[in-house]
Each structure stands twice: as C-alpha cells, then as structure tokens.
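1. need a structure here:
(one chain, ligands or ions: 1)
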Amino acid sequence: MKINGIPTRTIRAIDNGAAVEIIDQTLLPYRFEKRVLSDWRDCVEAISVMRVRGAPLIGVTGAWAVALAVRENPENEPLLKAAETIQNVRPTAVNLQWAVQKMLATLLPREPSLRLEAALKCAAEITQADVETCRAIGEAGAGLISELYSKLRRPVNVLTHCNAGWLATVDYGTALAPIYAAFERGTPLHVWVGETRPRNQGLLTAWELEQQGVPHTIIVDNAGGQLMQHGDVDVVIVGADRITRRGDVANKIGTYLKALAAADNDVPFYVAAPFSTIDWNLNDGKREIPIENRSSDEVLSIRGVDRSGADITVQLASAREAAANPAFDVTHNRFIKGIITERGVFAPTELCLAYQDVIESMQ
Ligand SMILES: CSC[C@H]1O[C@H](OP(=O)(O)O)[C@H](O)[C@@H]1O
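-> The predicted structure is shown next:
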C-alpha cells in the first residue's frame, strides 16, 4: 500500500538478505518507524512482542528468520535448533509453522554450503506469494461488497475486527483487501472498526483506513452486536490465524462473539485468508487449534501517548490482579457464510474441494 504516495510494505529484505527491514507496529498508530533485524533472534523478539503481527506477516518474518539463521550457520544442528525456536514463538497462526517448514523442506536436502542462496530465494518467493495471494483475496472479495451495494443503493457498512489489513501481511491484507479493492472501484462503503482489546489492533486498522481515505468509525468491541441488531452492519469480514479443513476458524479473541451476533441478526459473516492459513491436518478447531495465552499485563495496563505525543503506559488495575488473556478464539464453520481466498469465495466445508490439488500434493 502507499503511505504518503510511497509504495510501502511491512517487511523487505535489505543488504542482499543480510537483514530485513520491518515496520515496528508496537509504535503505531502514534509513530511510523522502521526497524532493521539482522539476526534471527531479533526476528523472534519482533514476533513475540508483536513488532510484526498478523498471521501471514509472522509467517513471512519466520521465513526470513530462517534465512538469517542459515547465514549465521548452515549446518543441520544449529539450523534445526533455530527453526524450532522460530516456529514456536506464537502457537496459533499456522502460517509461522507453514513458512518455517517450507524453508526447511527446501534447505535440508541441500549441502550446507548451498543453503544460503536457496534460503534467500525461498524467503523471497514466500514474500512475493503473500503479496499476490492477498491481492487476489481482494479481487475475490470485492464483488461481495459491490453486490451488496447494488442491492442496497447506499454505502455498504462493513464490520471488521482486529487488524487483518496490509499491516498483517506483506501488502494488501486479507479482511481489508476486499474493502480496499471495492473502495478503489468506487463502491461506497463504511467500515466499523472494533478496537480489539487488549492490544487494540483495531487502531492499526483505523490508521490504515485513514491513510487510504476509507470512511470508518472506531467502536468498542462490545458495540458490534448492538450495531447488528439495529441494521447498521451489512456484512462482517474478519481475518484468520488458522482454519481447519472443515472451515472452523481461529481468529483474534472476540471474533466468535461477533459471529454469534451476526448469526442472531442474519448478517453474513465472512473470513478472508490465504492458503497458508489453512491447516489441513486439523478438523475440529475448538478442540485442536492451540490458543495463545499472552501476558496478563496486556489486560491490566494499556499503552498509548499523552496529549503531547509522549509514550505512556497506564496501569488500569493493580498488577496484583489475576487476569486471563487468551489471544484467540475459534468460530465453528456453521457461523461462517464464506471464506474469501485467493482462489475465490467458498463455503467453509468446500475448502477441501477448492484446494484438492494442494491436498493431493501433500500426500
Ligand atoms: C491477516 S491475519 C491477521 C490476524 O492476526 C491477528 O492476530 P495478532 O494481531 O495477534 O497477530 C488477528 O487475529 C488477525 O485477524
């Protein structure tokens, strides 16, 4: 996407792959700053504290982390040790595991002395594939919004949750990609943006939409149901961190509650995700998808800036308080009208048919 007219991506290799430059998302929406990661351990830290976040982006970052580990030492033992650390930094988004395993599948059959060139090539391919996949998701989903406009003949109200925009991928995004594509085609629309406690990734979505001139309104997470009850939401589009083969979806905490409210109010609920987010090994998402539990500190305090723009952290409740912080929840496929992928829009239970070739290639 463009920032002040300059094409910008969330991650790019620099110095011939000797480092990667990321946008430090822990500083947004207050400051836009880039950060150079020149050691695979820097990538691990960036994923862990969410300087980079979003299922596809942490997968791409994981791929570059493996490339940096190969540069440090291409021998099997150190490489496998680094890969194990990298792929386990955050457990829910399958993209991280997918990317690391894809890198290893390319590297391990090769002599250590030939691994660096292969690693850089594979990481670059994973990066470019994410860009093209997300652009295709945008095209596939834009029609849904345009069709709604042709029926409603007024701006389409879309509700989204967390951030599944270009900041969560290399470019274009997943849930926001159809919104950007429809908006660029001239379809009148407005986006309700759930702030998404506790890390408030919805503020990243608001920042993105502001940069692109897309009309939007920030709401507290719990307002989504009331808006749906009053006919103020025409469609819900969210991202995903892991989708099972039957179409159960793990996504940011709060997604399930929005799906329940959408079902109760006959609001179509869509999930946008690339093929790298589908975990063909899992079926029952609620039972099988690992849910990341993050620090209670994220619940008990909140980071922002004061009116002078200085960083502040506000303690919301005593640090002695107990706080639970599951970062994701799982929505059963029965609540999902369609999954917007780079191959088109499919009913959740049709994913296996849509990706039959991928499944067969894995066997
Ligand atoms: C395009 S996937 C974005 C997905 O990832 C987010 O989680 P986090 O910000 O913790 O990495 C959230 O679940 C989004 O829907």
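2. how much space between residue 338 and the ligand?
-> In this structure, residue 338 lies at 16 Å from the ligand, with CB to the nearest ligand atom, to the nearest Å as the measure. All C-beta atoms are positioned from the backbone trio N, CA, C, and that covers glycine.
3. shouldn't that residue be in contact with residue 270?
-> Yes: taking CB atoms under 8 Å as the definition, residue 338 is a contact partner of residue 270 at 5.1 Å.
4. Common neighbours of those two, please.
-> Common neighbours of residue 338 and residue 270 are listed as 144, 345 (criterion: CB atoms under 8 Å, 6 or more residues apart in numbering).
5. how about the one helix or strand residue 13 maps to: buried residues?
-> Under DSSP states H and E, the secondary-structure element containing residue 13 is strand 11-14. For strand 11-14, burial by neighbour count (16 or more other CB atoms under 10 Å) applies to 11, 12, 13.
6. Need the three-state assignment for residue 304.
-> Taking DSSP: H, G, I helix; E, B strand; the rest coil as the rule, one finds residue 304 in the strand state.
7. Report how many residues lie close to the nearest residue to it once chain neighbours are set aside.
-> Leaving out its chain neighbours, the residue that sits closest to residue 304 by CB to CB, 6 or more residues apart in numbering is residue 312, at 6.0 Å. A total of 11 residues lie near residue 312 under the criterion other CB atoms under 10 Å.
8. Tell me how this structure divides into domains.
-> According to automatic domain parsing, the chain comprises the domains 2-129, 140-362.
9. Quick one: those as JSON lines, columns for mean pLDDT too.
-> Shown next, in JSON lines, are these (pLDDT from 0 to 100):
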{"stretch": "domain 2-129", "mean pLDDT": "97"}
{"stretch": "domain 140-362", "mean pLDDT": "97"}
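10. any idea how far residue 259 is from the ligand?
-> Taking CB to the nearest ligand atom as the measure, residue 259 falls 13 Å from the ligand.
11. how much space between the spatially most central residue of the chain and residue 88?
-> Taking CA atoms, centre = their mean as the criterion, residue 54 is the residue nearest the geometric centre of the chain, at 3.0 Å. Computed as CB to CB, to the nearest Å, the residue 54 to residue 88 distance reads 18 Å.
12. contacting residues for the closest residue to the ligand within the stretch 251-363 of the chain?
-> As assessed by CB to the nearest ligand atom, the ligand sits closest to residue 252 within the stretch 251-363 of the chain, at 3.4 Å. Residue 252 makes contact with 161, 162, 196, 201, 238, 239, 241, 327, 328, 329 under the criterion CB under 8 Å, 6+ apart.
13. What of residue 104?
-> Listed by CB under 8 Å, 6+ apart, the contact partners of residue 104 are 66, 79, 80, 83.
14. wait, residue 157 sits on residue 188?
-> No: look at residue 157 against residue 188 with CB under 8 Å: they stay out of range, at 10.3 Å.
15. more crowded one of the two?
-> Neighbours of residue 157 and residue 188, each counted by other CB under 10 Å, are more numerous for residue 157; the result is 22 against 14.
16. what's the closest non-adjacent residue to that one?
-> In space, residue 157 comes closest to residue 234 once its chain neighbours are excluded; the distance is 4.9 Å by CB to CB, 6+ apart.
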